[in-house]
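Chemist: one predicted model, sequence on top.
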Amino acid sequence: MKRPTYPFAAIVGQEDMKEALILNTINPLIGGVLIRGEKGTAKSTAVRALAGLLPDRRVVTGCPCGCDPERIGELCPSCQERLMQGELPSTVCAMKVVELPLSSTEDRVAGTLDIESAISTGKKRFEPGVLAKANGNILYVDEVNLLDDHIVDLLLDAAAMGVNYIEREGISYSHPSKFILVGTMNPEEGDLRPQLLDRFGLMVDVVSEKDEEMRTSIVQRRMEFEKNPEGFCKDYKEQNDEIRERILAARDILRGIEAGKDVVRAAVKISLHLGVDGHRADLTLIKAAEAYAALQGRKDVRPSDVTHVAKLVMPHRMRRNPFQDSSLDTGELEAWLKESFGTN
Amino acid sequence: MAEGILRDELRYPFPAFVGNDLARKAIMVALSSADIHSVLVCGARGTGKSVLARSMQSVSGGRVMVNLPVGCTEDQVFGGMDVEKTLGTGRKTMVRNVLQRADGNILFADNVNLMSEHIVHQVLNAAEDGAYSVEREGISDSFDTRFLFVATMDPEEGSLSDHLLDRFDICVFLSTIDDEALRTELAIRRLRFDRSPSEFVKEYAGRTADAEGSVTEARKRARFTRVPDGYCEAISEVCNQLSVSGHRGDISVMNAACALAALDGRDTANLDDLKVAAAICLEHRRNDSSPPPQERPPEPPPDEDDQEGSEDRDDDPPENDGSPSEDDREGDSEGDSEPPELPPPEDPEDLREQVFDVGDAFKVIDYMPKNEEKLEKGASGRRSSSKREDSSGRCIGYRIPRGKVTDVALCASIRAAAPYQVLRDHSELAIVLRKEDLREKVRERRQGNDILFLVDGSGSIGAQKRMVAVKGAILSMLRDAYQKRDRIGMAVFRVDRCEEILPLTKSTLKAYHVLQEIPTGGRTPLTQGLIKGHEILKDSAKGGFHPVMVILSDGRCNVSCTPGITPVDEMLATAGSLSRTGTRFIVIDTEAGRLRFGLALELCRALNGTYLRLEDLNAEYIERSVTMAMNDDRG
């Protein structure tokens, strides 16, 4: 029997990390989260626990890429064929956390020729890889900074286009690969390539809790969970469901939300002030602000929402060359924001 | 659905792209000319390189964009055997490859600098020739293919080599928009596109159709457009001024100017066309030393030399009375080549530690000696891309195995076996593999080098403030190492031992912090340094990395491990035995001033390494001195 995962609601503290993860489940277009921190700070626990909060999604029955039947333009070749022949049967299943192990090989990540089918029938068939499984789900890379360069290249390619193109071993294929990229890393073990860093919509730095009371409760809960996982999960079911309901409600609200010009301008101002490269920061600020407003149950996005999410969006984009520390002077930023946008 | 073609949802309408006018113009030019075969879009992350490149599809006049993914294999790009068809007939049939699918269309490679240079090179060749010859997997064939190759790259992740860059007809650089209003407009448009791509595309349908119309018109007209005679010389002159080598630049400018005129509805190009054409065709081909805009020119080294020269004059004369080897024989208690102003080693003052600032970074020359293994296999690529013997790295192809097969390329083996299946006995499998069908994978990996910086932290480096320059040099090499994905380590030898201050890592940030804190002061235990360096690097060869030791020192070793042997002799003997370990050595001589002992050069000879003076590392300095020498000649 599968061992239950530690419930999200039972994680003590680490509010920024939890918020970053939740915002992404509300709007997957935010672009994922990078969680940096030393070991033992509940990074992996939180990501795995997220699985218990994820909303359901509709997928084409039996499609290895988990195609969304409503997005006809984005179907994989086999679903397109099925659509031509008739209707696409669909089922509802929960979003998943798909893990990408560090030792993965290129062919398993991108997908490759199905050798078994080639040898036994002589027919070319595509065997989907992790990027197919990740479509519509969360792609989780533990210790993402240790991932081999050429695997990172594949991730970047897929993340940039939302499509995985394969041209290898006699196979030419493409399928949707839209995923929420969640990575964890311990910065002491090496840096992340700036290009990959920039692909993460949000970043949080987690530190171990210093507060004695909190530390005690972390240990106590963990021990309770170890002793009786099922019972523990039952205890937190209600709280977990509550968070899940909030996410679902926020997703509904988000559909009707559109950030006004004042919000966009606020985001642009912040990016200009901090002098980040490129325009991805502006867009992420706005999308995260929209999700945050939705999470608060509001339909109107305010500039203050942008400033609230800035601490998640900006820190990892501050670095202009590989030798500068990426740090965001939050005090300075807040003072500047107050000055530029009045009350905050 | 045709294979590998960019999907509709990615087609941001071209006219909706905000800012970077020159780049947009360049894209229109590329689409409008049948004689422009390749375009490179450069820019920092998030500047919209890919968005711009992919938006070409919306105004291409019916051409589609075929995608060339980073992880493609050679057989798929250039043509390999089609297993299915070959199986049925026993006749070798070629698979419909990417280049063929690109015929009459646009071939798009995102992050082209991350691809195998080998593949990029051949694709560029095919784009220029309009044809490709396949000699692979027993297939010998050639086919015509005319396509426009469009690629993007972020130079921060490492650039393409110069000869590949030169192959691109047009290259444009995108920058982040600083104008607030423009940037707000950009964000608003992008958000609307993300929210509902189809509605957004519909909204821009009119403008997109207009742009597409002018591309189609210009394409017809460009063939008959001419550049007035006198302008050709002007183009050559500009190319000369920018020291563009070769003639591809000239030709590209002519073609681009024609396309610009055609886009404007004219039959002859004018001076403005030429200016724009030169801007988009020549920038990436310039060979002059003018640095990229964001980098400021480095501190001119001659000044530094002068300063140090005067300092040295005070230091050196007392040392003048004996050759270094004589000094050495006097025993290790004597600070043989230390500036005499420093107190004797026993004096606690000598251990006085100083920490110097990091000097300015500069563009380093390609200082890394070529990998012999790489040369042997005739591989191309950036310095650290090396073909691998074990099963890590990206698979770029396969070959008939040499010796025992460990890394089987199953798919290639199946292809190799396919033609013979009609002859073989089948029980239940469609394909029967025999030993002779087996192929093994050829892999390429980009993080090949383990570079250990072995830094002389002795008083002699500190006293002359050489440490500032040394740190600057290391910083510059770190930057280079970052782009090439090397692992770096650092060890400092000073006083009486060598200390590893940075274990091999890929974290340049960490390296930078460590670099700032390197202390200076004390004697020069270079031999210990060599031994320690060897210990640090000895496992990297096992891990498949190429160990490289970069020694930054003046070579004035004055501490020996064994009594009775002079420090320098011991150092040279140690170096001699290390020279056979497979590690590559680079000795960067930090000696400055009038009087030079040349010990670093001797050390380098013993190590069988590459010798460079500290100043030689600075690419711009060398370029400048060459230019100066040439001007002197003329003057």
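Modeler: Cool, the structure landed.

Chemist: what stretches of the chain score poorly on pLDDT?
Modeler: Going with chain A. Residues of chain A meeting the criterion pLDDT under 70: A:1-2, A:319-331, A:341-344.

Chemist: chain B is the one I meant
Modeler: In chain B (pLDDT under 70), the answer is B:1-4, B:6-10, B:287-353, B:361-394, B:427-428, B:444-448, B:463-464, B:483-485, B:541-544, B:619-635.

Chemist: just want the residue of it that's nearest chain A.
Modeler: Relative to chain A, the nearest point of chain B is B:Gly46 (2.1 Å; CB to the nearest CB). All C-beta spots, glycine's among them, are computed from the backbone N, C-alpha and C.

Chemist: that residue: how many residues sit nearby?
Modeler: A count of nearby residues for B:Gly46, using other CB atoms under 10 Å in any protein chain shown, gives 24.

Chemist: correct me if wrong: it contacts A:Asp198.
Modeler: Yes - counting by CB atoms under 8 Å, B:Gly46 touches A:Asp198, with 5.9 Å between them.

Chemist: between the two, what contacts are shared?
Modeler: A:277-278, A:280 (CB atoms under 8 Å, 6 or more residues apart in numbering or on different chains).

Chemist: got those as JSON lines, with distance to chain B, secondary structure and neighbour count columns?
Modeler: Shown next, in JSON lines, are these (distance: CB to the nearest CB, whole Å; DSSP: H, G, I helix; E, B strand; the rest coil; neighbours: other CB atoms under 10 Å in any protein chain shown):
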{"residue": "A:Asp277", "distance to chain B": "4", "secondary structure": "coil", "neighbour count": "22"}
{"residue": "A:Gly278", "distance to chain B": "2", "secondary structure": "coil", "neighbour count": "22"}
{"residue": "A:Arg280", "distance to chain B": "4", "secondary structure": "helix", "neighbour count": "21"}
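
Chemist: tell me which of those is nearest to B:Ala573?
Modeler: A:Asp277 (51.3 Å; CB to CB).

Chemist: now the spatially closest residue to that closest one that is not a sequence neighbour: how far from B:Ala218?
Modeler: Ranked by CB to CB, 6 or more residues apart in numbering or on different chains and with sequence neighbours excluded, the top spatial neighbour of A:Asp277 is B:Ala44, at 4.3 Å. Computed as CB to CB, to the nearest Å, the B:Ala44 to B:Ala218 distance reads 30 Å.

Chemist: let me see the domain layout of the chain.
Modeler: All of this refers to chain A. Per automatic domain parsing, the structural domains of chain A span A:8-55+A:95-206, A:261-338.

Chemist: let me rephrase: I mean chain B.
Modeler: B:1-175, B:222-288, B:359-368+B:447-625, B:386-445.

Chemist: nearest to A:Ala10, out of these?
Modeler: Of all the domains of chain B, it is domain B:359-368+B:447-625 that lies closest to A:Ala10, at 33.8 Å by CB to CB.

Chemist: and chain A, is the closest one touching that?
Modeler: Yes - residues of domain B:359-368+B:447-625 are located near chain A by CB under 8 Å from any CB of the partner chain, namely B:447, B:475, B:478-479, B:482, B:485, B:505-510, B:512.

Chemist: in helices, which of those appear?
Modeler: B:475, B:478-479, B:482, B:508-510, B:512 (DSSP state H).

Chemist: now tabulate those in JSON lines and tack on distance to B:Leu114.
Modeler: As requested, those are exported to JSON lines (distance: CB to CB, whole Å):
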{"residue": "B:Leu475", "distance to B:Leu114": "25"}
{"residue": "B:Leu478", "distance to B:Leu114": "21"}
{"residue": "B:Arg479", "distance to B:Leu114": "18"}
{"residue": "B:Tyr482", "distance to B:Leu114": "15"}
{"residue": "B:Thr508", "distance to B:Leu114": "18"}
{"residue": "B:Leu509", "distance to B:Leu114": "21"}
{"residue": "B:Lys510", "distance to B:Leu114": "24"}
{"residue": "B:Tyr512", "distance to B:Leu114": "24"}
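
Chemist: rewinding a little: measure the residue of chain B closest to chain A to A:Arg199 for me?
Modeler: 9 Å.

Chemist: please enumerate the helices of the stretch 101-250 of chain A.
Modeler: Assigned by DSSP state H, counting those that start in this stretch, the helices in the stretch 101-250 of chain A fall at A:106-110, A:115-121, A:130-133, A:149-161, A:194-199, A:212-227, A:229-255.

Chemist: show me what the first one is packed against.
Modeler: What that stands for is helix A:106-110. For helix A:106-110, the elements it packs on are helix A:130-133, helix A:149-161, strand A:163-168, strand B:394-399, judged by 3 or more CB pairs under 8 Å, 6 or more residues apart in numbering or on different chains; DSSP states H and E.

Chemist: kindly reformat those as JSON lines containing distance to A:His316.
Modeler: Output for those, formatted as JSON lines (distance: least, CB to CB, whole Å):
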{"stretch": "helix A:130-133", "distance to A:His316": "23"}
{"stretch": "helix A:149-161", "distance to A:His316": "15"}
{"stretch": "strand A:163-168", "distance to A:His316": "25"}
{"stretch": "strand B:394-399", "distance to A:His316": "26"}
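
Chemist: mind putting those in CSV, distance to A:Gly231 and mean neighbour count included?
Modeler: Shown next, in CSV, are the helices and strands packed on helix A:106-110 (distance: least, CB to CB, whole Å; neighbours: other CB atoms under 10 Å in any protein chain shown):
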stretch, distance to A:Gly231, mean neighbour count
helix A:130-133, 32, 24
helix A:149-161, 39, 23
strand A:163-168, 41, 27
strand B:394-399, 48, 22
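
Chemist: contacting residues for A:Ile286?
Modeler: Listed by CB under 8 Å, 6+ apart, the contact set of A:Ile286 reads A:259, A:263-264, A:267, A:301, A:306, B:187, B:191.
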